[in-house]
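K.L.:
When you get a sec, could you give me coordinates for this:
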Amino acid sequence: MLSNAASREDHDALADFETPSHQSLRITTEVWAADNGCFLGLDRPKFLAMLDKIAGQETRPKFVTVPDVVADHRATCATWHEWTREFKARDLPRAFVLQNGIGDDLNPAQAIPWGIVHALFIGGTTEFKLSPWVREAVRLANGNGVWVHMGRVNSVKRLRYAMEIGVDSIDGSGISRFAEKRARMLNFIDRARSGEFDDDHLAAGAARHAWELQEAA
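P.N.:
Here you go, the predicted structure:
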């Protein structure tokens, strides 16, 4: 969720985001988290190695994303149960990924395993991310003190949406790879924090202490 210290700007909206592809953890921020790399295909040995490294850190991550299957809720549920033992053995906070299909039959209060999740990760298609179902899930998470992260946020427009609905953090490949895009998004956060947009929901969202989570280089 954040670039390494050598390449990252000094901004309190940025935080570290580790992935299994990293040979070593480089935790440089108080708030940090870790992803599973499933978007490109899960590397089980590397993911397990990352879990071991995370378990040995003094600072606990906000969440570690449990392996999921892109745009497939049923398959994601299966992987959640498959990985429960590994996470519990290391006492790691688990993020459950919301994927397409979760809202087909149940509302968010019924569909999400609230009692055993430490965070929600909003995945799925763009249409799913922008749905009323996801908005309601975020509202419930906020009310229950559950951290909410949204993936694939690569524009100011999507960042604004995430902030308005109550998301706690975001990541996107564009944040890490393109300095100009990163600067535009950080500038928007600063402007929202200053109250420029006269929007209470936006100002509240911008005040959250960790926003753009960048993957280390």
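K.L.:
Buried residues of the longest helix belonging to the chain, list them for me.
P.N.:
Of all segments of type helix in the chain, defined using DSSP state H, the longest is helix 73-90. For helix 73-90, a neighbour-count test (16 or more other C-beta atoms under 10 Å) marks 73, 76-77, 79-80, 83, 86-87 as buried. To be clear about C-beta, it is placed using only N, CA and C from the backbone, and glycine gets the same treatment.
K.L.:
Out of the residues you listed, which is nearest to residue 62?
P.N.:
Distance to residue 62 across the buried residues of helix 73-90 (C-beta to C-beta) is lowest for residue 87, with 14.3 Å.
K.L.:
Which positions are bridged to the one residue sitting closest to the centre of the chain in the beta structure?
P.N.:
What sits nearest the mean C-alpha location of the chain, by C-alpha atoms, centre = their mean, is residue 149, with 3.1 Å. Here residue 149 sits in beta bridges with residue 121, residue 169, going by DSSP bridges.
K.L.:
Below-threshold pLDDT in this protein: ranges please.
P.N.:
By pLDDT under 70, the low-scoring segments of the chain are 1-9, 208-217.
K.L.:
could you pull out the strands for it?
P.N.:
Per DSSP state E, the chain carries strands over the ranges 14-18, 32-34, 64-65, 94-98, 119-122, 147-150, 169-171, 212-215.
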